[in-house]
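J.: Provided below for reference: sequence and predicted model.
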Amino acid sequence: MRPLRLLPMLAIVACVTAGRPADPLVITGNTLHGAKLSFMATEAGMRSANEQHLLTRDQVLAWNAFLEKFKPGFRFAVDLWEAAEQSHDASKEAQAAAIVTALLTGLTQFTLMLALPPAGGAP
């Protein structure tokens, strides 16, 4: 996979929230949408890289472990955000934002793995 095709994934969440007013529910909702898009693109890239035998066994194991955390964590963050939106509960919104931040931090290592060429040169 070419690094230039992955550049939009690296910045999608930052672009979604840039220049927005400080309404945490809107920002968190947009961040959830951006996180979902980033995850879907990274998942497709990891699947493709694995099918092309471009990943090591350790990378595949790390990705699978991340998947086990991301999917239920993301669902929980969405549920929490929806509850916060309905009840206007800032503490639930903050919890959802913290979960999304942690998930995106974990996702970034895999997005970068796909975007950067291996140490031996470009793929």
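T.: Structure received. Computed from a predicted model, the values in this text were never measured in an experiment.
J.: wait, doesn't residue 99 sit right on residue 78?
T.: No: applying Cβ atoms under 8 Å as the test, residue 99 and residue 78 come out as separate, 9.5 Å apart. No exception for glycine: its C-beta is placed from N, CA and C like everyone else's.
J.: so how many other residues sit close to residue 63?
T.: Residues lying near residue 63 (other Cβ atoms under 10 Å) number 21.
J.: Next up, identify which helix or strand it is on.
T.: helix 57-87 (DSSP states H and E).
J.: Beyond that helix, next helix or strand please.
T.: The helix or strand immediately downstream of helix 57-87 is helix 90-115, counting by DSSP H and E.
J.: any low-confidence regions in this structure?
T.: 1-28, 117-123 (pLDDT under 70).
J.: at 80 instead, please
T.: Scanning the chain with the threshold set as pLDDT under 80 gives 1-30, 117-123.
J.: quick one, what contacts the closest residue to residue 83 other than its chain neighbours?
T.: Nearest residue to residue 83, sequence neighbours excluded (Cβ to Cβ, 6 or more residues apart in numbering): residue 92, at 5.5 Å. By Cβ atoms under 8 Å, 6 or more residues apart in numbering, the contact list for residue 92 reads 80, 81, 83, 84.
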